[in-house]
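Enquirer: predicted model follows, preceded by the sequence.
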Amino acid sequence: MGLGSLGNLGKLMKQVQKMQEEMARLQTEAEQKVVEATAGGGAVKVTANGKGELVAVAIQPEAIDPADPAFLEDLILAAANEALRQAKESVSQEMARLYKQSGLPAIPGMQGLF
């Protein structure tokens, strides 16, 4: 391995280190970022964070029908799944943006991860 190759390797390692630092920063930001999703015309609202955790559920009184609990269950599931999907997509978009900006070469198999 020539000296030029060692210089390129050093440059690549610095890029990787910078990307790791940015990924850690993004992860911290993701933990604080929240998304909301609703179902049933706003009868149920679910809030999730970037870690994929549900942090709040709000149910309007008109959505509570003791004769039809399955309807409310379906609304909660729909809103929760949408909030989690949005949270995951938001983090994935940020990670893809970071990877693209890093200038690192494309790694086979990595493109589909973000």
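Expert: Received, thanks. Numbers count the residues shown, from 1 in each chain.

Enquirer: now do the strands in this protein.
Expert: In the chain, the strands defined using DSSP state E lie at 34-39, 44-49, 54-59.

Enquirer: mind listing the strands the first one pairs with, and their directions?
Expert: Taking DSSP bridges as the criterion, strand 34-39 forms sheet pairs with strand 44-49 (antiparallel).

Enquirer: just the C-alpha atoms of the partner strand, please, in PDB.
Expert: Extracted C-alpha coordinates of strand 44-49, given in PDB (Å, rounded to 0.1, in the frame of the first residue of the first chain):
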ATOM      1  CA  VAL A  44     -58.200   9.700  18.000                       C
ATOM      2  CA  LYS A  45     -54.800  11.400  17.900                       C
ATOM      3  CA  VAL A  46     -51.500   9.500  18.600                       C
ATOM      4  CA  THR A  47     -48.100  11.100  19.100                       C
ATOM      5  CA  ALA A  48     -44.900   9.200  18.600                       C
ATOM      6  CA  ASN A  49     -41.200  10.200  18.800                       C
END
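
Enquirer: from the contact counts, what lies against the lowest-mean-pLDDT helix or strand in the chain?
Expert: Ranking every helix and strand in the chain by mean pLDDT, DSSP states H and E puts helix 3-32 at the bottom, with a mean of 78. Counting contacts by 3 or more C-beta pairs under 8 Å, 6 or more residues apart in numbering; DSSP states H and E, helix 3-32 packs against strand 44-49, helix 69-102. Using the backbone N, CA and C atoms, a C-beta is placed for each residue, glycine as well.

Enquirer: neighbours of G7, how many?
Expert: Neighbour count for G7, taken as other C-beta atoms under 10 Å: 10.

Enquirer: tell me how far it lies from Q17.
Expert: 16 Å (C-beta to C-beta, to the nearest Å).

Enquirer: what's the most buried one of the strands of the chain?
Expert: Highest mean neighbour count among those (mean count of other C-beta atoms under 10 Å): strand 44-49, with a mean of 22.

Enquirer: could you check the angle that strand makes with helix 69-102?
Expert: 30 degrees (axes from the mean of the first three to the mean of the last three C-alpha atoms, to 10 degrees).

Enquirer: and strand 44-49, how far from the chain's centre?
Expert: 14 Å (C-alpha atoms, centre = their mean, to the nearest Å).

Enquirer: no more questions from me, cheers.
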